[in-house]
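Peer 1: sequence and predicted structure below; questions after.
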Amino acid sequence: MKLLNLFNPRLRTYANPVLLAATLSFASANSWAQADHFDQLPDLGSNAANFLSDYEAEQLGKSFIRQSRYRIPYVSDPELVGYINRLGNRLLDVSEDAGKDYHFYLIDNNVINAFAVPGGHIAIHTAILTKSESESELASVVAHEISHVTQSHISRKFENSQYDSWLAIGALLAAAASGSAEAAQAAFGVSQASIIDRQLTFSRAYETEADSLGIRLLSRAGFDPQAMPVFFKRLLSESRISESHAPEFIRSHPLTINRISESAERVRAYPRAPVQDQSEFLLMQAKATAGYAKDKSVVRDRYAAQLKLGNTSLPNRYGYGMALAENGEFDQARKVLTELEKDYPNNVSVKLIKADNELNAGEINTGLAELKDLYIEQNKLGNHLVDIYYANALVLTKNNQEAIPILHQAIANNKDEPYFHILLARAYGETGDNLRSYQARGEYHYLSGNYAFAIKQYKRAFILTSTEYERARLGARIEDVEKELEIVKNL
Ligand SMILES: [Zn+2]
């Protein structure tokens, strides 16, 4: 009985129970998202000459991220999401956009790629986390993407690559927000064709600028700048071995020998960074590798082989335990994780997957008790990481009343994660509180970019209201979202 795997891709479908009737193809969404980099423009100097105002960039970015949640598998595991955001912010803090509100996302995809969206949204495919050989390598991709945003490359792309693709994207977002899948599909057709066209024509100057600024960020944030040319060189040689598998990253951020030598040259000016503490990186890499692997038994065997060779580091043992659990070998996983917990009694990550394994093994009481202890202990320390794991387990085991306040707390700490709201909708629904269930469903659709559908849910909730206060609150919410829908339509 698989209970707690909602954070894993195969059960992600649960998190999106009400998909658009005709979802757009994943491929179009992807190529669109990748088309963020256009260059070989004559003038890189006029940073201020953006076609997009900051406000427009923010609206566009927010809308893109929200509506893309329907078709791009964003990782919602709070540990992984927290990790990529800490890493991203460490780089952002030393950039010229320090203090601005950026968002970093992981996308469950084993193709090497990353993209940036206006408004400070940066998405990294899990493949970059799992295939980096050091944290600095992962950081070099993030730093490169941050630099595309700080230099307004994407906005300038709109300026230079003409009005039509900008209009098409605006139309797409409006269509998706209005709940019209067909209109969105049509808009996608236009934008995709024109963007792919330009994607092949422009590029190098922006890439060089993003590399050069990225290297500076790496050095300032205490990462090893050398990692950038090293990672890119490996990507390039891998793409040569198998041309059909050329990482998407190379296509969307054209990578040439010249570009790599230029960055290698630039890196020489920077001091080598001191040795890094990579413990969190390695653990999260193992979590992404074992938790999001397409071929789970291969990953399990790889970890087993590592352990046999004597590589008994925490991340290897953790990855092995998690891979066993993912393969349904719960008893074996329990042995590995119990030993691991003995050796690392204060490691929250280990405790989380150990409890998860118990729940999946059908040992509901044991799993819940372990999570509850951890939840209480971590809350005392002011750490809310465990909240959503515990609430998730409570909802799935129909302990809805207990889950509801914890879900509210989790939402107060992270109000942009749609998954939390759909859990809350389920918990309220099962306790018979339809008003709040519809309301939570509305939030879920709102955060997923389908504003029209969100408004429908709020209106359903509105009918069930019994107090003036509730009516006023919901009425105001409906008005706000209607306003936002208008803004998106007019982008
Ligand atoms: Zn790039």
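Peer 2: In hand now; what should we look at?
Peer 1: would you agree residue 358 is in contact with residue 366?
Peer 2: Yes. If you go by C-beta atoms under 8 Å, residue 358 and residue 366 touch, sitting 4.5 Å apart. C-betas here are computed from N, CA, C, even on glycine.
Peer 1: which of these two has more neighbours?
Peer 2: Set side by side, residue 358 and residue 366 show more neighbours around residue 358, with 26 against 16, by other C-beta atoms under 10 Å.
Peer 1: give me the neighbour count for the residue of the stretch 151-300 of the chain found nearest the ion.
Peer 2: The stretch 151-300 of the chain approaches the ion most closely through residue 253 (3.2 Å), counting by C-beta to the ion. Neighbours of residue 253 under the rule other C-beta under 10 Å: 27.
Peer 1: residue 208 is in contact with that one, correct?
Peer 2: No. Because the distance of 10.7 Å does not satisfy C-beta under 8 Å, residue 253 is recorded as not touching residue 208.
Peer 1: how about stretch 106-121 as CSV, C-alpha atoms only?
Peer 2: Backbone C-alpha positions of stretch 106-121 (Å, rounded to 0.1, in the frame of the first residue of the first chain) are rendered in CSV as follows:
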residue,chain,number,x,y,z
LEU,A,106,13.1,21.9,-9.4
ILE,A,107,11.4,20.1,-12.3
ASP,A,108,11.2,16.3,-12.4
ASN,A,109,12.9,15.7,-15.7
ASN,A,110,16.0,13.6,-16.5
VAL,A,111,17.0,15.8,-19.4
ILE,A,112,19.7,18.3,-18.5
ASN,A,113,18.1,21.7,-18.8
ALA,A,114,17.3,24.8,-16.9
PHE,A,115,15.4,28.0,-17.8
ALA,A,116,14.6,31.4,-16.4
VAL,A,117,11.3,33.3,-16.7
PRO,A,118,10.9,37.0,-16.3
GLY,A,119,10.2,38.2,-12.8
GLY,A,120,12.9,36.1,-11.2
HIS,A,121,11.7,32.6,-11.6
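Peer 1: any figure for the gap between the spatially closest residue to residue 416 that is not a sequence neighbour and residue 374?
Peer 2: If the residues on either side of it in the chain are set aside, residue 416 comes closest to residue 447, at 6.2 Å by C-beta to C-beta, 6 or more residues apart in numbering. To residue 374, residue 447 is 27 Å away according to C-beta to C-beta, to the nearest Å.
Peer 1: what does residue 487 give?
Peer 2: Taking C-beta to C-beta as the criterion, residue 487 is separated from residue 374 by 42 Å.
Peer 1: of these two, which one has the most company?
Peer 2: Under the criterion of other C-beta under 10 Å, the comparison of residue 487 against residue 374 puts residue 374 first, with 19 against 15.
Peer 1: didn't the more buried one look like it was pressed against residue 386?
Peer 2: Yes. The pair residue 374 / residue 386 is scored as a contact, 5.1 Å apart, by C-beta under 8 Å.
Peer 1: any low-confidence regions in the protein?
Peer 2: Judged by pLDDT under 70, the chain has its weakly predicted residues at 1-52, 70-71, 154-203, 241-248, 251, 491.
Peer 1: tell me how it divides into domains.
Peer 2: With automatic domain parsing as the criterion, the domains of the chain are listed as 5-267, 294-489.
Peer 1: off-centre distance for the last one?
Peer 2: The chain centroid and the centroid of domain 294-489 are separated by 15 Å, computed with C-alpha atoms, centre = their mean, to the nearest Å.
Peer 1: check the separation of the first and last residues in that domain.
Peer 2: With C-alpha to C-alpha, to the nearest Å as the measure, the ends of domain 294-489 fall 38 Å from one another.
Peer 1: any shared contact partners between residue 374 and residue 386?
Peer 2: Among the neighbours of residue 374, those also in contact with residue 386 (C-beta atoms under 8 Å, 6 or more residues apart in numbering) are 348, 352.
Peer 1: so which helix or strand takes in the closest residue to residue 453 other than its chain neighbours?
Peer 2: Spatial nearest neighbour of residue 453, chain neighbours left out: residue 445 (4.4 Å); criterion: C-beta to C-beta, 6+ apart. Taking DSSP states H and E as the criterion, the element that holds residue 445 is helix 434-447.
Peer 1: give me the contacts around that helix.
Peer 2: Here helix 434-447 has contacts from 18, 66, 69, 416-418, 421-422, 424-426, 428-429, 451, 453-458, 460-461, 464-465, 470, 474, 477, 481, using C-beta under 8 Å, 6+ apart.
Peer 1: return the members of these classed as buried.
Peer 2: For the contacts of helix 434-447, a burial check counting by 16 or more other C-beta atoms under 10 Å picks out 66, 69, 417-418, 421-422, 424-426, 428-429, 451, 453-458, 460-461, 465, 470, 474, 477, 481.
Peer 1: ok so, going back, among the domains of the chain, single out whichever gets nearest to residue 275.
Peer 2: Across the domains of the chain, the minimum distance to residue 275, taken as C-beta to C-beta, is reached by domain 5-267, at 9.0 Å.
Peer 1: quick one on the thing from earlier: which of the contacts of helix 434-447 fall in helices?
Peer 2: Members of the contacts of helix 434-447 lying in helices (criterion: DSSP state H): 66, 418, 421-422, 424-426, 428-429, 451, 453-458, 460-461, 470, 474, 477, 481.
Peer 1: for the nearest residue to residue 397 once chain neighbours are set aside, give me phi and psi.
Peer 2: The shortest distance from residue 397 to any non-neighbouring residue, by C-beta to C-beta, 6+ apart, is to residue 364 (5.6 Å). The phi and psi torsions at residue 364 (degrees, to the nearest 10) take the values phi -60, psi -50.
Peer 1: tell me, how many neighbours does residue 364 end up with?
Peer 2: Burial measure for residue 364: 16 neighbouring residues, criterion other C-beta under 10 Å.
Peer 1: cool, residue 467 as well?
Peer 2: By other C-beta under 10 Å, neighbour count at residue 467 equals 8.
Peer 1: helix or strand for residue 129, which one?
Peer 2: Here residue 129 sits within helix 126-131, counting by DSSP H and E.
Peer 1: same question for residue 123.
Peer 2: Residue 123 belongs to strand 121-125 when elements are defined using DSSP H and E.
Peer 1: that strand close to the ion?
Peer 2: No. Counting by C-beta under 5 Å from the ion, the ion is not contacted by strand 121-125; separation bottoms out at 11.3 Å.
Peer 1: so what secondary structure elements neighbour that strand?
Peer 2: Strand 121-125 makes packing contacts with helix 54-68, strand 103-107, strand 114-117, helix 135-150 when contacts are defined by 3 or more C-beta pairs under 8 Å, 6 or more residues apart in numbering; DSSP states H and E.
Peer 1: quick one: strands adjacent to that strand?
Peer 2: Strand pairing for strand 121-125, using DSSP bridges, gives strand 103-107 (parallel), strand 114-117 (antiparallel).
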